[in-house]
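Asks: A predicted structure for the sequence below; I have some questions about it.
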Amino acid sequence: MQGMSERQYAAHVGLSRGAIQKAKDTGRLVLFADGSIDAVASDERRATMTDPSKSRATPSAPKATAPKMKPVPEAAVAAVGETLRDEGLPAPVAGGGTTFLQAKTANEVLKAQERRIRLQKLKGELVDKARAETLMFRLAREERDAWVTWPARVAALMASELAAALDEEVTVEAALMQKVLEAHVRAQLDSLAEIRTGLG
């Protein structure tokens, strides 16, 4: 055999054997006397007779290059590592990069955490942070106001109780008692104001 068989030429041009048989029947291939296919001449004839828009592969067309992958921000890598560490899973080593499996695992962990939080909200186990802080602030202010007015309410009563306990002749002025109590209460409130409570 001088040239290629139909099967060999099909493999050579990347087409099916049926497509080669059709090209042979329509005269788009050059054959040797023994019926085998002249590959070089057939390639040239097919190139001139084939509509480029219907061709599977055009030699002149540039190969499609893979899209450039954007670098992953360091913050995202750090977040993946933090999530995995929180769950007791192996985190990426510093500077070693994050594997696809690690990133996928972190994503699944975060989705599970999000679902758990949503479920807790539906069950009423979680409250809105801003609303909770507002209520806490209001409660603390009401408590402080109650303590500020307390000395004026109890000073006279305490003065009379002290006078009775010490000696009936000793008198304790209610105004003085109120002044002393107010000083101590304000000092205590000032020290409590330094304690910062937050809902993190």
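Replies: Done, it's in. Owing to the predicted nature of the structure, the values given are computational and were not obtained by experimental measurement.
Asks: mind giving me the domain ranges of the chain?
Replies: For the chain, automatic domain parsing gives the domain ranges 6-52, 74-123, 129-193.
Asks: May I have the distance across the last one, first residue to last?
Replies: With CA to CA, to the nearest Å as the measure, the first residue of domain 129-193 is 21 Å from its last.
Asks: correct me, but residue 185 touches residue 153?
Replies: No: using CB atoms under 8 Å as the test, residue 185 is too far from residue 153 to be in contact (11.5 Å). All C-beta spots, glycine's among them, are computed from the backbone N, C-alpha and C.
Asks: The two: which has the busier surroundings?
Replies: More crowded of residue 185 and residue 153, by other CB atoms under 10 Å: residue 185, with 16 against 11.
Asks: residue ranges for the helices of this structure, please.
Replies: For the chain, the helices defined by DSSP state H cover 6-13, 17-25, 39-49, 74-86, 100-123, 129-166, 174-193.
Asks: any idea which of the ones you listed scores lowest on pLDDT?
Replies: Of all these, the minimum mean pLDDT falls on helix 74-86 (a mean of 72).
Asks: What is the neighbour count of the spatially closest residue to residue 156 that is not a sequence neighbour?
Replies: Spatial nearest neighbour of residue 156, excluding adjacent residues (CB to CB, 6 or more residues apart in numbering): residue 174 at 4.0 Å. Neighbourhood size, residue 174 [other CB under 10 Å]: 16.
Asks: cool, the one 10 residues further on as well?
Replies: By the other CB under 10 Å criterion, the neighbourhood of residue 184 contains 10 residues.
Asks: what's the distance between it and residue 22?
Replies: Distance of residue 184 to residue 22, computed by CB to CB, to the nearest Å: 106 Å.
Asks: cool, and residue 46?
Replies: Noted for residue 46: a distance of 12 Å to residue 22, by CB to CB.
Asks: I figured residue 29 hits residue 46, correct?
Replies: Yes: here residue 29 lies in contact with residue 46, judged by CB under 8 Å, at a distance of 7.3 Å.
Asks: More neighbours: these two, which one.
Replies: residue 29 (24 against 16).
Asks: Need the nearest residue in space to the more buried one, chain neighbours excluded.
Replies: residue 42 (4.4 Å).
Asks: For that neighbour, give me its contacts.
Replies: In this structure, residue 42 makes contact with 9, 28-30, judged by CB atoms under 8 Å, 6 or more residues apart in numbering.
Asks: List the residues that contact residue 185.
Replies: Residue 185 neighbours (CB under 8 Å, 6+ apart): 147-148, 150-151.
Asks: repeat that with 6 Å
Replies: Residues in contact with residue 185 (CB atoms under 6 Å, 6 or more residues apart in numbering) are 147, 151.
Asks: Check residue 41 too.
Replies: residue 30.
Asks: do residue 23 as well
Replies: Listed by CB under 6 Å, 6+ apart, the contact partners of residue 23 are residue 29.
Asks: how about a cut-off of 10 Å?
Replies: 6, 9-10, 13, 15, 29, 37, 42, 45-46, 49-50 (CB atoms under 10 Å, 6 or more residues apart in numbering).
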